[in-house]
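>>> test case, fold it:
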Amino acid sequence: MKFERPEKFVPVLFALLTVAAYGLLLPFTGFYWDDWPFAWIAKFLGPGEFFPAFAGVRPFLAPIFFATTSLIPPVPLYWQSFALVVRFVSGLSAWFAFRQIWSSHKKQALIAALLFLVFPGYSQHWVAFTHINQEWIPFIFYLLSFGFTARALRQADTFKPNTVFALLLLVAGVLPTEYFIGLEPLRFFFIWVIISDEIKETRHRFVRTLKLWLPYLLIWLGNGAWLAYFYTIGNYDSYGVDVTKTPPTILETLSMFGDAIWKGGFYIWGQILALVAKSLTAPASLLTLGLIAITFIFLLVYLSNAEKTEGAPNTFAGAAILAGIAGLALGRLPSFAAGLPLTLQSGNDRFMISMMIGGTLFVAGLVEALIKNPRAKNYAFALLIAFGVGQQFFNANIFRRDWEKQQEIYWQLAWRIPAIKPNTALLTDAIPIDYETGVSFTAPLNWMYAPDYNRSDLPYALVYTETHLGRATLPSLERDVEINMGLRTASFHGSTDQVIVIDVPKNGCLRVLDPARGDQSTYSKQSHYLTDAIPLSDPSNIIVDHEQTPELPFLSEPKHTWCYYFAKAELAYQKKEFDRVIEIIDEASARGYRPEDPFEWLGYIEAQALAGDIEKARELSNTAFARANSVRRGLCEVWKRVAARGEMKEIAKQVLNDLQCG
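Prediction:
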C-alpha cells in the first residue's frame, strides 16, 4: 500500500502518538509531589509569589511559573492537559532540531524525534505542575536553540538572526534549572557534524567549530560561574554538590558512565516487557500490550511508506551513536555531581530528562548501523517507538492509581475530621503511596481546612515522623517541642503539645489514633515511628460538631463504601454516641460492606458492649480474633475499658481470660 504524506502531516503523527502515550488516562490523573505546594501558592498567594518563593532556589524559574500560573488555574485537569500540549511541542522541537542538524537524513531525524517523544526512561510526565515548569519548558528552549544553531549554519543568508535566536533560547534553556548544564558540549559536536561536508581537514574543522561555538560557550561558562557562586557563596541551594566533598574515583566515574549508557541506551527500550511480565494477565498489562500492538502496526505502515532520504552511507549512524554516548554521559553529570542515584520507575528517573537527547540518538544510530535491510529497520523502529508508547501508558496507570488513592485519603480525612483547631500538626509515620511526602500533603491539608487562608502562618501541617524525626522539622517526640515546616514562603509553627496522630494502612481506612483507647498497645507491632508518636495524639483537636465537610473543589465525593461508614462511626465514637456507632456499622453491613482490616471492628465491638449487648460484643471479638491474631492486643484494650464499667466486669474478665490478655 502506497500513499502520499506531505510533511504537514507529521504534526498529526506527533499528536496521535502524544495522545496514545500520555493522554488516554489524562482525566484520571491529578497533582503529585511538589505540584501540591505550587498549586497551593498559585491559589492562595498568587502567581507573583513565585518570585520570592524561588529567590534562593532556582531564581530564574520564577518567570516561567509566573507566566503559566497567570494563565492556568490550579486545577489538575487543566495542568495535565497543558502537559500534553507541552510534550507535543517538545516532540516537534526535537524534530526541528534533528532535521536541521541532519538535513539530508529526514527520515532518520523524524524517527529520532519520535523516539524522543515517547522516551521510556522518563516516567514523571504526570507530575505536571512541577516538571512542565521546572524542566520541560526550559528543555524546549534548549532544543530550539540547537535547531536554530543548525539552521544558522545551513542557511548562510540568515546566519545572524538565527544565531541571535539560538543564543537567546540557550539563555532561556540553561538559566532556569541546572538539569541541562551538561548538554552544551553537544552543540560543539553538532556544529562539527554540520560543517564536516565543507571542511574535511580535521584541524581546520576543529578551529572553525570552536569559533562558531564560542558565543554559546561564553554563555555556558557564565551560567557555570553563576551556579558555582550560588552553590558555594550565595544562597542558591537546590542540591548539594557531593563531588566537591568526596570526589569520585575513576572506577566510580566509569561505572556511572556505563550505568547511564546501559540504562538510557539499551535497557529502557525493552523495559516494558519486564514490567508487564510481572503481572501478565492483569488488565493494565493486557491493555498495555494491546496498545503496543496497535501502535506498532500503525507505525509500520507509516514508516514503510516514508520517503527514503538516506543521505551519505552511514554518516547518520556513526554521528548519532557518538552524539548519543556523549549525550548520555553529559546528561548524567548534574545528578551524578549531586550524588543522586539513577533508578528507573521511581522519582529519580526524572534525571533521565537530560539524557533524552543522548538516549534517542544512540538507539536510532545503533539500529541504523546494525540493520541494513530497510524493511527490518522499519520493524525495529516501529517496535521501539511502540514500546515507548506502551511504557508511558503503563506509567500513566501507576499515576492514575496514585491519584485514586490520594482522593480516598482526602475524603476519609474529611469524613473523619470535620474541622481542626488551628495550629495543629498531623503526625504519621508515612502514607503508603509513592508520589507524595508530608510537605506534599501539607498543601491540600491547608487547602481543605483553611479555605479562607490569607498571608499568615500556616494553620496546619502533616509531618512524616519517619522522614523528619530528629531534624529541624520535628527534633523529638517529647512534649513541648517545636514543629516547624516550610511551604516555600509560608511556614507552619506548632508544637508536639497540639498533635493528632493518624494512621493510613495499606489495606484499610484512615484512622485517628488515641492514647486513651490504648492505641499504643493496639498498634504496637507497627513501625516505632508511628507508635512512639501515639502518646502525643489528642483527638480533642478535632472540632467534632463542625457541620460542613471540608473538601478540595476539584474532587467529587466518591461512593460511600466501608471507609465512609468507618470514618463516621469513629467520629460518633469520639462523641461517645455509641448507639450511633452501632447504627452506622449496621447500615454498612446491610449494604454489604466489610472491613479489610480487622482492627476496624474494635470501635463497633466496644460500642456494642457499652450499649448493653455484651454477648454480641463477645461474639464479634471471637470472630475478629479468629480472623487475625494480630488484633488480640486491640481486643484486650477494648475489654479492659469495658471491665472498668462495674456492671460488665465479670463477663469482661471472662473475655480477657479467653484472649489471654494477662
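
>>> and for Val504, the neighbour number?
19 (other C-beta atoms under 10 Å). C-beta: built from backbone N, CA, C; applies to glycine.

>>> go ahead and confirm it touches Ile431.
Yes: counting by C-beta atoms under 8 Å, Ile431 is a contact partner of Val504 at 4.7 Å.

>>> find residues that contact each of these two.
Ile409 (C-beta atoms under 8 Å, 6 or more residues apart in numbering).

>>> can you pull out the helices in the stretch 1-150 of the chain?
Listed in chain order, the helices of the stretch 1-150 of the chain (DSSP state H, counting those that start in this stretch) span 10-18, 35-44, 50-53, 62-71, 76-101, 106-117, 128-131, 137-154.

>>> residues contacting Leu322?
Leu322 touches Phe189, Gly365, counting by C-beta under 8 Å, 6+ apart.

>>> what's in contact with the worst-scoring helix or strand of the chain on mean pLDDT?
Ranked by mean pLDDT, DSSP states H and E, the helix or strand of the chain with the weakest confidence is helix 649-658, at a mean of 79. Helix 649-658 is touched from outside by Ala609, Ile614, Arg618, Ser621, Asn622, Leu635, Cys636, Trp639, Lys640, Val642, Ala643, Arg645, with contacts defined as C-beta under 8 Å, 6+ apart.

>>> mind showing which ranges of the stretch 101-250 of the chain have poor pLDDT?
When residues are selected by pLDDT under 70, those of the stretch 101-250 of the chain lie in 233-246.

>>> check which helices and strands the helix ranked longest in the chain is in contact with.
Ranked by residue count under DSSP state H, the longest helix found in the chain is helix 374-416. Here helix 374-416 touches helix 106-117, helix 271-277, helix 283-304, helix 356-370, helix 438-449, helix 562-574, going by 3 or more C-beta pairs under 8 Å, 6 or more residues apart in numbering; DSSP states H and E.

>>> mind checking how far the fourth one is from the chain centre?
When distances are taken as C-alpha atoms, centre = their mean, to the nearest Å, helix 356-370 is centred 27 Å away from the chain's centroid.

>>> could you list the buried residues of stretch 203-217?
Using 16 or more other C-beta atoms under 10 Å as the test for burial, stretch 203-217 gives Arg205, Arg208, Thr209, Leu212, Trp213, Tyr216.

>>> which residues are contacting it?
149, 153, 163, 166-167, 170, 184, 187-188, 191-192, 195-196, 199.

>>> neighbour-wise, give me the winner out of those.
The most crowded member of the contacts of stretch 203-217, judged by other C-beta under 10 Å, is Thr149 (28 neighbours).

>>> separation between the spatially closest residue to that residue that is not a sequence neighbour and Lys640?
Sequence neighbours aside, Ala166 is the residue nearest to Thr149 in space, at 4.3 Å (criterion: C-beta to C-beta, 6 or more residues apart in numbering). Distance, Ala166 to Lys640, by C-beta to C-beta, to the nearest Å: 76 Å.

>>> do you know the pLDDT at Pro6?
Per-residue pLDDT puts Pro6 at 52.

>>> that should have said Asp349, apologies.
Taking Asp349 on its own, its pLDDT is 88.

>>> for the one helix or strand Leu602 maps to, give me every contacting residue.
Leu602 is part of helix 602-610 when elements are defined by DSSP states H and E. Helix 602-610 is contacted from outside by 522, 569-570, 573, 578-579, 581-582, 585, 614, 616-617, 620-621, 624, 631, 634-635, 637-639, 641-642, 645, 648, 652, using C-beta under 8 Å, 6+ apart.

>>> hang on, the earlier thing: among the contacts of helix 649-658, name the least confidently predicted one.
Arg645 (76).

>>> quick one: the residue lying closest to it once chain neighbours are set aside from Thr522, how far?
In this structure, Arg645 finds its nearest non-sequential neighbour in Leu610, 7.2 Å apart by C-beta to C-beta, 6+ apart. Between Leu610 and Thr522 the distance, using C-beta to C-beta, works out to 17 Å.

>>> so between the two, which is more surrounded?
Legend: neighbour count by other C-beta under 10 Å for Leu610 and Thr522, higher for Thr522 (24 against 21).

>>> list the residues that contact the more buried one.
Thr522 makes contacts with Phe599, Leu602, Arg633, Gly634, Glu637, as judged by C-beta under 8 Å, 6+ apart.

>>> so the third one makes contact with Arg517?
No: using C-beta under 8 Å, Arg633 and Arg517 do not qualify as a contacting pair, with a distance of 11.8 Å.

>>> ok, Leu469 to Ile584 distance?
35 Å.

>>> out of those two, which sits in the more crowded spot?
Ile584 (24 against 19).

>>> Three-state assignment for Val544, please.
coil (DSSP: H, G, I helix; E, B strand; the rest coil).

>>> and for the one 10 residues further on?
With three-state DSSP as the basis, the three-state label of Phe554 is coil.

>>> and Phe38, how many neighbours?
For Phe38, using other C-beta under 10 Å, the count is 25.

>>> one more: the one 3 residues further on?
The burial count assigned to Ile41 is 23, neighbours taken as other C-beta under 10 Å.

>>> about what we covered before: any chance of JSON lines for the helices and strands packed on helix 374-416, columns mean neighbour count and distance to Trp36?
Below are these laid out as JSON lines (neighbours: other C-beta atoms under 10 Å; distance: least, C-beta to C-beta, whole Å):
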{"stretch": "helix 106-117", "mean neighbour count": "25", "distance to Trp36": "28"}
{"stretch": "helix 271-277", "mean neighbour count": "17", "distance to Trp36": "27"}
{"stretch": "helix 283-304", "mean neighbour count": "17", "distance to Trp36": "25"}
{"stretch": "helix 356-370", "mean neighbour count": "24", "distance to Trp36": "26"}
{"stretch": "helix 438-449", "mean neighbour count": "24", "distance to Trp36": "4"}
{"stretch": "helix 562-574", "mean neighbour count": "22", "distance to Trp36": "22"}
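
>>> need those in a markdown table (columns: distance to Tyr231).
Shown next, in a markdown table, are the helices and strands packed on helix 374-416 (distance: least, C-beta to C-beta, whole Å):
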| stretch | distance to Tyr231 |
| --- | --- |
| helix 106-117 | 30 |
| helix 271-277 | 33 |
| helix 283-304 | 41 |
| helix 356-370 | 25 |
| helix 438-449 | 23 |
| helix 562-574 | 46 |
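
>>> can you say which of the ones you listed is nearest to Gly486?
helix 438-449 (8.1 Å; C-beta to C-beta).
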